[in-house]
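Participant: take a look and give me a structure for this.
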Amino acid sequence: MWSFFRNRRRRKLLAVALPPLQLEILKRNVPAFNRLSEEKQQRMLDCVRIMIAEQHWEGCERLVVSAEMKTTIAGHAALMLLCSGDYYFDSVSSILVYPSVMVRNHDGVIEHTVGEAWDNGGVILSWPEVLQAANHRDGDNVVIHEFAHHLDGLDGEMGGSISFDTSRDQSEWEHVARTEFQQHVQAVEAGRRTLIDPYGATNEAEFFAVASECFFERPAPLHDRHQALFTLLKSYYRVDPRDWH
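Facilitator: Below is the predicted model:
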């Protein structure tokens, strides 16, 4: 019954076009939108409208969450949902936006972070870092990183073990992800340059998150240098970002 009301509400949302100002924001702050096929552009627009309307958005430290912030964050997150059916990050409980880098004090140890994903479904983002992803093609994208953690946690644990449609892909992922992670850790410890962000050596969950960033931001190099990993991420996300790069 609840899904009936949800779907009816969404049909009403999707019947109204994204306002022209927000469409321009999407084109400017999510450059990939301009290179998508017409079908995928429509899917992104659907995701953006539903996420803006349904998510609980909250500004922190007196920040007022603007239409630009919502549109930009939803647009980058929508890249991960271009072929995901009717899922619109329904399990995300809230999106908190900070005006700068977040500072945490853990037992006297000061930590700086640009984003977090919580077990309860919350996603926390630094707005300047979101804009950084919009304006620089350096392989870093905090929105994709944190929403990848959310997808990773849909099975109840953020541990880098994601779910595939087939048992063959599932088994292959367990082998490839473990091997790639171990090799990544060895490369980072040896001081070698890596295509995938060195932060991925922290643990398997962070490795999946930074690998997802690289998949969407630098797909061709990832395919050339980590083909097995690329192929599985392509199967998981059901898209090939090389099509729009």
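Participant: can you list the domain ranges for the chain.
Facilitator: Following automatic domain parsing, the chain resolves into domains at 2-138, 167-244.
Participant: lowest average pLDDT across those domains?
Facilitator: Lowest mean pLDDT within the domains of the chain: domain 2-138, at a mean of 89.
Participant: returning to that earlier point: winner for burial among the domains of the chain?
Facilitator: Most buried of the domains of the chain by mean neighbour count (mean count of other C-beta atoms under 10 Å) is domain 167-244; its value is a mean of 18. Where C-beta positions appear, they are placed from N, C-alpha and C, glycine not excepted.
Participant: could I get the domains of the chain as JSON lines with distance to Met158?
Facilitator: Converted to JSON lines, the domains of the chain look like this (distance: least, C-beta to C-beta, whole Å):
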{"stretch": "domain 2-138", "distance to Met158": "7"}
{"stretch": "domain 167-244", "distance to Met158": "5"}
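Participant: which outside residues touch stretch 59-79?
Facilitator: The contact list for stretch 59-79 (C-beta atoms under 8 Å, 6 or more residues apart in numbering) reads 18-19, 21-22, 25-26, 29-30, 32-33, 43-44, 47-48, 51-52, 55, 57-58, 89, 95-100, 124-125, 127, 130-131, 133-134, 141, 143-144, 147, 216, 239, 241.
Participant: now it, how far from the centre of its chain.
Facilitator: On the basis of C-alpha atoms, centre = their mean, to the nearest Å, stretch 59-79 sits 13 Å off its chain's mean C-alpha point.
Participant: what distance separates the start and the end of that stretch?
Facilitator: 23 Å (C-alpha to C-alpha, to the nearest Å).
Participant: for this protein, which segments are assigned as helices?
Facilitator: With DSSP state H, the ranges of helices along the chain come out as 2-14, 20-29, 38-54, 67-78, 127-135, 142-152, 167-189, 204-217, 219-225, 227-237.
Participant: mind putting those into CSV with distance to Asp119?
Facilitator: Output for the helices of the chain, formatted as CSV (distance: least, C-beta to C-beta, whole Å):
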stretch, distance to Asp119
helix 2-14, 23
helix 20-29, 29
helix 38-54, 20
helix 67-78, 18
helix 127-135, 22
helix 142-152, 10
helix 167-189, 21
helix 204-217, 11
helix 219-225, 28
helix 227-237, 21
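Participant: do you know which of the ones you listed lies nearest Gly115?
Facilitator: helix 142-152 (4.4 Å; C-beta to C-beta).
Participant: contacts for the closest one, please.
Facilitator: 73, 76-77, 79-80, 89, 91-92, 114-117, 121, 123-126, 129-130, 132-133, 158-162, 205, 208-210, 212-213, 216-217.
Participant: mind checking how far His149 is from Gly121?
Facilitator: Distance, His149 to Gly121, using C-beta to C-beta, to the nearest Å: 11 Å.
Participant: what does Trp127 give?
Facilitator: 20 Å.
Participant: likewise Trp57?
Facilitator: From Trp57 across to Gly121, the span is 14 Å (C-beta to C-beta).
Participant: now the common contact residues for those two.
Facilitator: Counting by C-beta under 8 Å, 6+ apart, the common neighbours of Trp57 and Gly121 are Ser94.
Participant: contacts only, for Ser161.
Facilitator: Asp152, Asp155, Glu174, Glu204.
Participant: 7 Å - rerun?
Facilitator: Shown in contact with Ser161 (C-beta atoms under 7 Å, 6 or more residues apart in numbering): Asp155.
Participant: Val103 against Ser126, yeah?
Facilitator: No. In this structure Val103 lies outside contact range of Ser126 using C-beta atoms under 7 Å: 10.7 Å.
Participant: what distance do you get for the residue sitting nearest the centre point of the chain to Asp152?
Facilitator: Note on the chain: the residue nearest the mean C-alpha position is Ile144, at 2.1 Å, using C-alpha atoms, centre = their mean. Separation of Ile144 from Asp152 (C-beta to C-beta): 12 Å.
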